[in-house]
Each structure stands twice: as C-alpha cells, then as structure tokens.
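Visitor: here is a sequence with its predicted model. Questions after.
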Amino acid sequence: MKTQLLFLSILFSITFYAQEHSHKSTGAIIFPDVPGYTTLKTDLHQHTVFSDGNVWPRIRVMEALRDNLDVISLTEHLEYQPHLKDIPHPDRNRSFELALQEAKNHNLLIIHGSEITRSEPVGHSNAIFISDANELLEEDAEDSFAAAKKQDAFVFWNHPAWYPQSPNGNPNLSDFQKERIKNGELHGIEVINTTDYAEESLAIALENNLTIMGTSDVHDLIDWDYTEKGHNRPITLVFAKERSETALKEALFAGRTVAVFNSLLVGKEGNLAPLLKASIIVEEATYIDKTSILKVTLKNVSSSDLLFENQMSHTFYSSSPVFTVPAKGTKTIQIKTLEKLDSVELKLKALGAYVAPKTHPVIQWQIEVGNH
C-alpha cells in the first residue's frame, strides 16, 4: 500500500511539473514551413511594466511558449515610462535581460528591441536587433533613428493608422518617414496592430517596398486582450533560412513575411501564395461510385480558418462555391468533372488573404486522382 501511495505521489509530482513547465496549450499557433524556408512565428511588439504594460517580462515569455511562438521582442517605450516611480530602472535594457534569463532553458528566441515614441508626424517605431537601448534615447527623433541604424537595427513603423495620432484612421506617410526610408532607417510597417487591419498601410508597404508586419502590441495579458475574446494574437510569420537570430534578421530585411490575425492573412504574393499552398493538404481524391463527381478532402494544417472561392471551370456538386477549411480541420468538396480524369487542377481564390488592397491571391494544387 505504501509503495502504491509513493508511486502515485511521484506520478502526480511529475505530471504537475510537466504542466507547470511546458507552457503549451491546446490553442498553440501552428503554420507549416514553405519550400526553402522555415516558418518562424513571431510577435515583435509587446510591452511590460518596464514601460506602459502591466505584466512582468517573465509572463511574456511564458505566454509565448504557451502559444507556440518561435520569437518575441519586448519593445518598451524609451521615452514613456509611467511606472518609473514604482519600478525605477535607468537601464532601458532591463526588460530584455529579464526575458532572456527566463527563456534560456526554452526554445524561444528573444530579440532585443525598443520603441521610439513621438507625436505626429514622427509617430511610434520599433527598432529591433539593437545592442543598447540607452543609446537610442535621444532628444531629437532623427538622432534616435540614426542611433538605431548605427546598431544595424531593423526598424518598423507602428500602428500608422492609430486614430489618436491619425484621427481619420488613415496613415499619413509624412516627409519624416519618407526621409527615414530614403536613409535606410525605416524598413517595415505594421499592417495589422492589435485587432486593426489597415489596407492603406498595406498600400504604403507595397509602394515603398517595406516589410509587412503584424503584432499584438499587448499591454495586459494575452488571455485578457485576445484569448478570452476568441482570438489568437496577431503575429508576423517570417520565412527564414533557418531558426536563428541571424536568419530571422536577414528574412525581415528581405521582406519575407506574412501578417496574420485569426483568418486574415496579409503579405506580398511571393510570400503568401506558398504559405497558403503548404497549409492545405489533399487527403483524398476519389470518384463517387458510378459517377463523374470527384470527392476531394482537404486538410488545413494551419491555425487559421481558410476561406476559399472556386475558380475552376468545373463547378461543385451539393456545396457552395465559397467554403471554409477550418483551422486544423478538414473539408470535403465534390467537383463535377463531367468525365473521369486522372488529375485535376484545383484552383481557389483565398478570400481571407490579401496581397494588395482588396486583392486576393488565387492558389492552385495539382490533384492526382485515386483508382477509378
């Protein structure tokens, strides 16, 4: 009896320890790799009590591990420090150091970053891959951007459509941003920030060859701001040559990204189309007995519901031409091919995805038909 009790006690302890230290949840965010690249799930705009957030840096690390992210950056405001009276920290690198310490035994990359904060027309921008945040704390915003460039930082423009800075809800590409782009001091732009997607920001990204970004900009708990409202956090998918800080940086400067928020995916076509194609696997393609109706089962291996519209010359049997393949789930469609074929080109417009304002990509899969 004592042996059984001891065994149960040990088993309980092991189970409890594993739960405490795995940080994973059933809602883990997943996306497939694409040909030639590793897909890194990143959230590169977050805050803690070391600026105007309400949690300790350790919490951000645990949230990221639970959500199955690969990379985060804690981008504290350099100039705006409302908790200084309670948490004095003359070193603006402190948040990064604490997060790095918490993540050292986990498979999570922590990127050193800070937020340069000014009123319009400068606005807010994140500088990541920096070496010392204190050197960016300059009186003149131009000097802050120059200091970030000196540290070889990747800099992106935060929430350019944010209404407190842009009352009409549209971004204003000012002479300041134009000069930063010209000087090689501004490299990306958020098209998704919190729950807002600004197609005007996407237009600016495409017109100025800026890297497309999506971020949570979280200040409270991810659970409060997103999970309890039925959302995944917004993220940037980065297509890197390997899982490393060096490869991540190269990919961001090269613009290999897709911004994601729930079922919304935004990116340049060369990045978004391979992701969508890799996200759908054809599990079965067989003809219904004694018919020329092809039954095709599609499996979605991503965390986003994917909404499609039929673009084939063939029409569907007993289903709408607009349909959803649920996240981590399957959908069976029935195609009227009129005659039995050995292969079919499945051609679908991705209605939840944007490669330009109001422009959806069309994705194609070559389907080999089973015995018939």
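Guide: Perfect, I can see it now. Residues are numbered from 1 along each chain as shown.

Visitor: what's the pLDDT at residue 86?
Guide: If you check residue 86, the pLDDT there is 94.

Visitor: who's in contact with stretch 317-329?
Guide: With Cβ atoms under 8 Å, 6 or more residues apart in numbering as the test, stretch 317-329 has contacts from 30, 263, 280, 293, 298-310, 315, 331, 333-336, 351. In short, each C-beta sits where N, CA and C put it, glycine included.

Visitor: now list the buried members of those residues.
Guide: Neighbour counting by 16 or more other Cβ atoms under 10 Å classes 263, 280, 293, 298, 300, 302-308, 310, 331, 333-335, 351 among the contacts of stretch 317-329 as buried.

Visitor: which ones are touching residue 278?
Guide: 32-35, 301.

Visitor: same question, residue 79
Guide: 116-118, 137.

Visitor: could I get these as CSV with pLDDT and secondary structure?
Guide: Below are the contacts of residue 79 laid out as CSV (pLDDT from 0 to 100; DSSP: H, G, I helix; E, B strand; the rest coil):
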residue, pLDDT, secondary structure
116, 98, strand
117, 96, strand
118, 94, coil
137, 96, coil
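
Visitor: quickly check the residues you listed for the two that are furthest apart.
Guide: 118 and 137 (12.3 Å; Cβ to Cβ).

Visitor: residue 111 touches residue 252, doesn't it?
Guide: No: checked against Cβ atoms under 8 Å, the pair residue 111 and residue 252 is beyond contact range at 9.7 Å.

Visitor: quick one: which of those two has more around it?
Guide: residue 252 (25 against 22; other Cβ atoms under 10 Å).

Visitor: in three-state terms, label the more buried one for me.
Guide: Here residue 252 is helix, with the state taken from DSSP: H, G, I helix; E, B strand; the rest coil.

Visitor: residue 333 versus that one, what's the distance?
Guide: As judged by Cβ to Cβ, to the nearest Å, residue 252 and residue 333 stand 37 Å apart.

Visitor: now do residue 146
Guide: 55 Å.

Visitor: tell me where the stretch 151-300 of the chain has helices.
Guide: Applying DSSP state H, counting those that start in this stretch to the stretch 151-300 of the chain gives helices spanning 175-182, 199-208, 222-225, 245-254, 269-279.

Visitor: pull the distance from the second one to the chain's centre.
Guide: In terms of Cα atoms, centre = their mean, to the nearest Å, the centre of helix 199-208 is set 18 Å apart from its chain centre.

Visitor: run the angle between that helix and helix 175-182 for me.
Guide: For helix 199-208 against helix 175-182, the angle by axes from the mean of the first three to the mean of the last three Cα atoms, to 10 degrees is 40 degrees.

Visitor: in helix 199-208, what counts as buried?
Guide: 199-202, 204-206.

Visitor: likewise for the fourth one?
Guide: Neighbour-count burial for helix 245-254, with 16+ other Cβ under 10 Å as criterion, is recorded at 247-252.

Visitor: same check on the first one?
Guide: Neighbour-count burial for helix 175-182 flags 176-177, 180-181 (criterion: 16+ other Cβ under 10 Å).

Visitor: do the same with the third one
Guide: Burial within helix 222-225, assessed by neighbour count using 16+ other Cβ under 10 Å, is assigned to 222, 225.
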